[in-house]
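S.K.: Provided below are the primary sequence and the corresponding predicted coordinates.
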Amino acid sequence: MPRGNPAQLITPMYPLLKAALVLSLCGALAARAADRLPNIIVIFTDDQGYGDVGVFGAKGYTTPHLDRLAHTGAMFTNFHVAQAVCSASRAALLTGCYSNRVGIHGALGPNATHGLNPNETTIAELLKSRGYATGMAGKWHLGHREAFLPPQQGFDESFGLPYSNDMWPFHPEAKAGTYPPLPLYKNGKIIDPEITPDKMRNLTTQYTEHAVSFIERNHARPFFFYLAHSMPHVPLAVSDKFKGKSSAGLYGDVIMEIDWSVGEIVRTLARHGLERDTLVVFTTDNGPWLSYGNHAGSAGPLREGKGTSWEGGTRVPCIMSWPGHIPAGAKSDDYAMTIDLLPTFARLTGATLPAKPIDGLDIWPLLSREPGAKNPHEGYGIWYAQNELQAVVSGDGRWKLILAHRSRTLGGRPGGRDGIPAKYENLEVGSPQLYELSRDIGETTDVAAAHPEVVKQLAAFAEKCRAELGDALTKRTGRGNREPGRIAGP
């Protein structure tokens, strides 16, 4: 036993004990972070174009919060939706399936008697199996009948509109440019039957408040939140705090408010020390609705927009942030699609993939910028309308084969003004056209004649797509299509 004053013996040892305590505490915190399943937030805007974010080239307004999210995370410049239209795009995002696999085509109208089948597995249901709290706010648009609403699709909480801003079930005679009120739902029940254009001004703020509240109440457990903004779909509406703030008119004001919303989400995470525990994904459901002109966004360097299978329809701005997991400031031009998010989330959370076949694949090595990572897909199919296979893309995103089909275009004419759309004209694609996207992002030059071997390879892949999910253009029936949910009656 050492002799002497106990205090003299303890004092020299104190710095060592303090250091050991700090190391132990750091180890415990690291273990907690490693043990905690990541929170996941998906922010999904409506009709926002590829060029409608500051770091993607926006003009006339700023998006400081989105830009900061890109600096703390990564920009994905070759990220795509499965179909360039509302309901189909959302079905693909939430199920990891091409939307035609699950029987959702186009945009479901207020008189639709079908919706996303509750037998399908959504991201919310996948994560609930791992103990997540699940919530959403915003536009649902996967069936407004009770059987198809968020409470039946895995969401503990939900708040928002059942479909697009310009749809109303009781006024089919409404003229273009006039927008009667919409119903507002909370947890599957109508809480306000008349969201008038005046009330619509506050939707972005209300959605954001619900998201913040959800995070505040669930910060101590893993959570998933789906924030599906109704904006910037027409008719545009913005709160007083952003009215007139941009130099790009009402559309710019609306995007600035969406950017504010992203900032509120990130601030809430920071307040609870959750930034490093949370994967935030920001993207949009399709390209801009160009016929609306100054009430539509920009596809930037891309060809066409919403409602087409050209790049301006399917390629969307995407930012993902998860400090410590996604390298800060990274920029990726790897091809990826919303169908890949569900299986990627399954990998990150240890969830079991759905029993029914899905189309997405785990792309975490691409998102985390793992050296040498490659897209795991042979290719992607791009369907539109009522199961028309309109294009296929090589898995690496280099080549895109546009198949014979009818598309829509403004033909170089400007869009409409102040909420009144210009008319589209038809664009006939009479024979397959090949584009080398890695060199020609704007799809300006058909190189099919110079690369017959690539055309042959992609045509063979298109046949695989037709065999699996069909193709109305070639009158093919697929073996893997499933029925949506249906109800009887009007």
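M.R.: All right, it came through fine. Residues are numbered from 1 along each chain as shown.
S.K.: all contacts plus neighbour counts: C-alpha atoms, from now on.
M.R.: Noted.
S.K.: how's the protein carved up into domains?
M.R.: For the chain, automatic domain parsing gives the domain ranges 37-377, 383-486.
S.K.: Tell me which of those is the most buried.
M.R.: Highest mean neighbour count among the domains of the chain (mean count of other Cα atoms under 10 Å): domain 37-377, with a mean of 21.
S.K.: what stretches of the stretch 151-300 of the chain score poorly on pLDDT?
M.R.: 168-180 (pLDDT under 70).
S.K.: Show me where the stretch 301-450 of the chain has its helices.
M.R.: Using DSSP state H, counting those that start in this stretch, the helices found in the stretch 301-450 of the chain span residues 311-314, 341-349, 364-367.
S.K.: Distance of R130 relative to T122?
M.R.: In this view, R130 and T122 are 13 Å apart by Cα to Cα, to the nearest Å.
S.K.: Name the residues linked to T278 by a beta bridge.
M.R.: Taking DSSP bridges as the rule, T278 bridges to N39.
S.K.: surely it meets V42?
M.R.: No - at 10.6 Å, T278 does not count as touching V42 under the criterion of Cα atoms under 8 Å.
S.K.: quick one, what contacts S99?
M.R.: 82-83, 88-89, 91-92, 105 (Cα atoms under 8 Å, 6 or more residues apart in numbering).
S.K.: and which of the residues you listed is nearest A74?
M.R.: Closest approach to A74 among those (Cα to Cα): A82, at 21.2 Å.
S.K.: In a helix, that closest one, correct?
M.R.: No - using DSSP: H, G, I helix; E, B strand; the rest coil, the assignment for A82 is coil, not a helix.
S.K.: what's the pLDDT at it?
M.R.: pLDDT for A82: 98.
S.K.: Touching, it and T314? I think so.
M.R.: Yes - contact criterion Cα under 8 Å: A82 and T314 qualify, at 6.9 Å.
S.K.: Double-check A211 against F223; I have them as touching.
M.R.: No - with contact defined as Cα under 8 Å, A211 does not count as touching F223 (11.2 Å).
S.K.: what's the spacing between G73 and D259?
M.R.: When distance is defined by Cα to Cα, G73 is 16 Å away from D259.
S.K.: which SSE is the closest residue to G485 other than its chain neighbours in?
M.R.: The spatially closest residue to G485, leaving aside those adjacent along the chain, is N117, at 3.9 Å (Cα to Cα, 6 or more residues apart in numbering). For N117, there is no host helix or strand (DSSP states H and E).
S.K.: Thought P484 was touching N117, still the case?
M.R.: Yes - when contacts are counted by Cα under 8 Å, N117 is listed as touching P484 (4.8 Å).
S.K.: Find the residues that touch each one of these two.
M.R.: V102.
S.K.: Assign I43 to helix, strand or coil.
M.R.: When classified by three-state DSSP, I43 comes out as strand.
S.K.: Quick check: end-to-end length of stretch 470-487?
M.R.: With Cα to Cα applied, stretch 470-487 spans 24 Å between its terminal residues.
S.K.: Just give me how far it sits from the chain centre.
M.R.: 24 Å (Cα atoms, centre = their mean, to the nearest Å).
S.K.: I would like the residues contacting it, please.
M.R.: 100-104, 113-118, 148, 386-389, 405, 466-469.
S.K.: can we see that at 6 Å?
M.R.: Stretch 470-487 has contacts (Cα atoms under 6 Å, 6 or more residues apart in numbering) with 101-103, 113-117, 387-389, 467-469.
S.K.: So which of these sit within strands?
M.R.: Cross-referencing those against strands under DSSP state E gives 114-115, 388-389.
S.K.: Tabulate the residues you listed (CSV), appending distance to P421 and pLDDT.
M.R.: Shown next, in CSV, are these (distance: Cα to Cα, whole Å; pLDDT from 0 to 100):
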residue, distance to P421, pLDDT
H114, 28, 97
G115, 28, 98
E388, 25, 98
L389, 27, 98
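S.K.: Please convert those to CSV, extending it with distance to G300.
M.R.: Formatted as CSV, the ones in strands among the contacts of stretch 470-487 follow (distance: Cα to Cα, whole Å):
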residue, distance to G300
H114, 35
G115, 33
E388, 26
L389, 25
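S.K.: any idea which of these is closest to G249?
M.R.: G115 (35.5 Å).
S.K.: So which residues of the stretch 301-450 of the chain form strands?
M.R.: Using DSSP state E, counting those that start in this stretch, the strands of the stretch 301-450 of the chain run over 315-316, 319-321, 330-332, 336-337, 379-384, 388-394, 399-402, 405-409, 425-429, 433-436.
S.K.: Among those, single out whichever gets nearest to E443.
M.R.: Of all the strands of the stretch 301-450 of the chain, strand 433-436 comes closest under Cα to Cα, at 5.9 Å.
S.K.: Show me the contact partners of that closest one.
M.R.: So strand 433-436 is contacted by 398-402, 443, 446-448 (Cα under 6 Å, 6+ apart).
S.K.: how about JSON lines for those residues, with pLDDT and distance to A488 added?
M.R.: Output for these, formatted as JSON lines (pLDDT from 0 to 100; distance: Cα to Cα, whole Å):
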{"residue": "R398", "pLDDT": "98", "distance to A488": "45"}
{"residue": "W399", "pLDDT": "98", "distance to A488": "44"}
{"residue": "K400", "pLDDT": "99", "distance to A488": "41"}
{"residue": "L401", "pLDDT": "99", "distance to A488": "40"}
{"residue": "I402", "pLDDT": "98", "distance to A488": "38"}
{"residue": "E443", "pLDDT": "98", "distance to A488": "44"}
{"residue": "D446", "pLDDT": "98", "distance to A488": "47"}
{"residue": "V447", "pLDDT": "98", "distance to A488": "49"}
{"residue": "A448", "pLDDT": "98", "distance to A488": "48"}
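S.K.: Tell me the one of those residues nearest R217?
M.R.: Closest approach between the contacts of strand 433-436 and R217, by Cα to Cα: R398, at 44.5 Å.
S.K.: returning to that earlier point: what about the residue nearest to G485, distance to R145?
M.R.: Going from N117 to R145 by Cα to Cα gives 11 Å.
S.K.: swap in G244?
M.R.: G244 is 37 Å from R145, by Cα to Cα.
S.K.: Repeat that for S213.
M.R.: 26 Å.
S.K.: S247 too?
M.R.: For S247, the distance to R145 - Cα to Cα - is 40 Å.
S.K.: Could you do N202 as well?
M.R.: The value you get for N202 to R145, if Cα to Cα is used, is 25 Å.
S.K.: what about the closest residue in space to G109 that isn't next to it in sequence, distance to N111?
M.R.: Once flanking residues are discounted, G109 sits nearest to M167: 7.1 Å by Cα to Cα, 6+ apart. Distance of M167 to N111, computed by Cα to Cα: 10 Å.
S.K.: so what's L401 bridging to?
M.R.: Residues in beta-bridge contact with L401 (DSSP bridges): V392, L434.
S.K.: If anything else comes up later, I'll come back, but that's it for now.
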